[in-house]
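Chemist: Whatever this is, show me its structure:
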Amino acid sequence: MKNGKTAVYNRIREIANSWIYKDMKLNDSKVDSYNYHSFFERQTTRLDILVMPHRLHNDLSGLAVKDKLNRSSISYQITHHRNRQNFTKCHELAHFLLEHDGYIFANQNEDTIQEIEANVFAGILLAPDIVLLGKILYHQKTFQDILVELEISKEALQIRLKQVLGYHTKLYDDEIAVIIQNYITRKAPNDIVEALKQAEETIINEYKAVPIPPIELINYLFKQQNIVTSIEVEELADKTFIENLKETYPNIEYNFYFDYGKTLYYIYQSDKITTEQAFKNAKNAHFNMIFQIKSPL
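Modeler: Model (predicted):
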């Protein structure tokens with residue numbers, strides 16, 4: 001894909017990576033246990049999308065519907081193989097996340113720009129670059145292992161491997177085809193490992209470069225705990241940020257703890273934890289912060 005990378009692929013992979021990597025970081029998803037299901041469930045819940053199997057017309061794999069009242073649904077072909085259903089569900093969700101114009105998206109005519117974009121997004125959601133890198137380079141998973149673990153079809157995984165190697169390496173298309181075939185047949189499985197070593201740095205850097213907006217991080221942390229500190233969200237040291245934050249969270253209280261020459265800022269939900277409890281938690285967090293700084297390890 002050196003010279004064959006399309007503007008569509010480049011644009012959609014950037015959008016998909018942003019969605020997926022941010023979700024992985026927020027939810028502490030591990031590469032070796034990654035599966036699209038968690039992301040899919042979180043996003044369909046957030047967007048209030050009804051997901052249903054249906055016996056659709058033979059030439060339809062799935063259907064995404066947005067009505068004028070903002071009621072949304074995803075339907076997928078009940079008679080299809082589970083791996084194909086997985087791709088269809090990811091494809092239909094992509095229409096919503098990519099904010100495609102329209103009310104009905106039928107997974108039928110794959111030549112339209114919206115269908116092409118949804119296909120690219122779906123493939124990446126099923127098998128992100130960072131996940132493929134980890135499974136193959138670090139965990140020595142076979143092609144067959146990945147099919148099972150990611151619940152992805154053989155065709156979709158082949159396309160993803162071609163995209164990843166084409167985008168991140170200087171290999172020619174015919175070289176990539178041989179490497180993938182040797183990986184599938186296990187004739188020369190180390191070839192793809194060596195190829196991914198060329199891609200390793202850029203894939204990891206792309207993952208690291210995807211930011212988590214501080215408000216979203218706080219939203220996530222408050223679902224798990226009642227206090228958030230500047231160890232987790234550095235922006236808590238910024239008074240302007242705190243003022244803006246109080247518009248979103250009118251019940252939060254803001255304070256700081258200073259000792260050993262270091263300040264820890266923290267916020268807590270006053271309707272869920274007392275001032276004394278928050279202070280005690282902040283003091284413990286501050287101690288751990290100082291200990292880690294001073295530790296020779």
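
Chemist: so what's Met24 closest to, chain neighbours aside?
Modeler: Leaving aside its chain neighbours, Met24 sits nearest to Tyr34 (7.1 Å; criterion: Cβ to Cβ, 6 or more residues apart in numbering). The C-beta positions use only the backbone N, C-alpha and C, and glycine is treated the same way.

Chemist: now do Phe105
Modeler: Ala64 (4.1 Å).

Chemist: Neighbours of that neighbour, how many?
Modeler: As a burial measure, Ala64 scores 26 neighbours (other Cβ atoms under 10 Å).

Chemist: and it, what is it in contact with?
Modeler: Counting by Cβ atoms under 8 Å, 6 or more residues apart in numbering, Ala64 makes contact with 72-75, 92-93, 95-96, 104-105.

Chemist: again with Leu26
Modeler: With contact set as Cβ under 8 Å, 6+ apart, Leu26 has these partners: 212, 216-217, 220.

Chemist: These into a markdown table, with extra columns for pLDDT?
Modeler: Listed next are the contacts of Leu26 as a markdown table, based on pLDDT from 0 to 100:
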| residue | pLDDT |
| --- | --- |
| Ile212 | 91 |
| Glu216 | 90 |
| Leu217 | 92 |
| Tyr220 | 88 |
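
Chemist: Tell me the one among the residues you listed nearest to Thr6.
Modeler: Using Cβ to Cβ, Ile212 is the member of the contacts of Leu26 that lies nearest Thr6, at 28.9 Å.

Chemist: Hmm, Tyr21 and the closest one touching each other?
Modeler: No: the criterion here is Cβ atoms under 8 Å, and Ile212 misses it with Tyr21 at 9.2 Å.

Chemist: which of those two has more neighbours?
Modeler: Tyr21 (21 against 15).

Chemist: quick one: which of the contacts of Ala64 is nearest Glu200?
Modeler: Using Cβ to Cβ, the contacts of Ala64 come closest to Glu200 at Leu93, 28.9 Å.

Chemist: What segments of the stretch 101-250 of the chain are helices?
Modeler: 113-126, 129-133, 143-150, 154-168, 173-185, 190-209, 214-224, 239-248 (DSSP state H, counting those that start in this stretch).

Chemist: if you compare these, which one is most tucked away?
Modeler: helix 129-133 (a mean of 24; mean count of other Cβ atoms under 10 Å).

Chemist: can you confirm Ser29 is in a helix?
Modeler: No: per DSSP: H, G, I helix; E, B strand; the rest coil, Ser29 lies outside any helix segment and is coil.

Chemist: got the phi/psi numbers for it?
Modeler: phi -70, psi 130 (degrees, to the nearest 10).

Chemist: Look up the pLDDT of it for me, please.
Modeler: pLDDT, Ser29: 88.

Chemist: Check Arg11 too.
Modeler: 96.

Chemist: May I have the helix or strand harbouring it as PDB, with CA atoms only?
Modeler: Using DSSP states H and E, Arg11 falls within helix 7-26. Taking Å, rounded to 0.1, in the frame of the first residue of the first chain, the C-alpha atoms of helix 7-26 are listed here in PDB:
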ATOM      1  CA  ALA A   7      -6.900   9.400   1.100                       C
ATOM      2  CA  VAL A   8     -10.000   7.700   2.400                       C
ATOM      3  CA  TYR A   9      -8.000   5.000   4.200                       C
ATOM      4  CA  ASN A  10      -5.500   7.500   5.700                       C
ATOM      5  CA  ARG A  11      -8.400   9.700   7.000                       C
ATOM      6  CA  ILE A  12     -10.500   6.900   8.400                       C
ATOM      7  CA  ARG A  13      -7.700   5.100  10.100                       C
ATOM      8  CA  GLU A  14      -6.800   8.300  11.900                       C
ATOM      9  CA  ILE A  15     -10.400   8.700  13.100                       C
ATOM     10  CA  ALA A  16     -10.700   5.000  14.000                       C
ATOM     11  CA  ASN A  17      -7.400   5.000  15.900                       C
ATOM     12  CA  SER A  18      -8.500   8.000  17.900                       C
ATOM     13  CA  TRP A  19     -11.800   6.300  18.900                       C
ATOM     14  CA  ILE A  20     -10.300   2.900  19.700                       C
ATOM     15  CA  TYR A  21      -7.000   3.900  21.300                       C
ATOM     16  CA  LYS A  22      -8.800   6.400  23.600                       C
ATOM     17  CA  ASP A  23     -11.300   3.800  24.600                       C
ATOM     18  CA  MET A  24      -8.500   1.300  25.300                       C
ATOM     19  CA  LYS A  25      -6.600   3.700  27.500                       C
ATOM     20  CA  LEU A  26      -9.700   4.800  29.400                       C
END
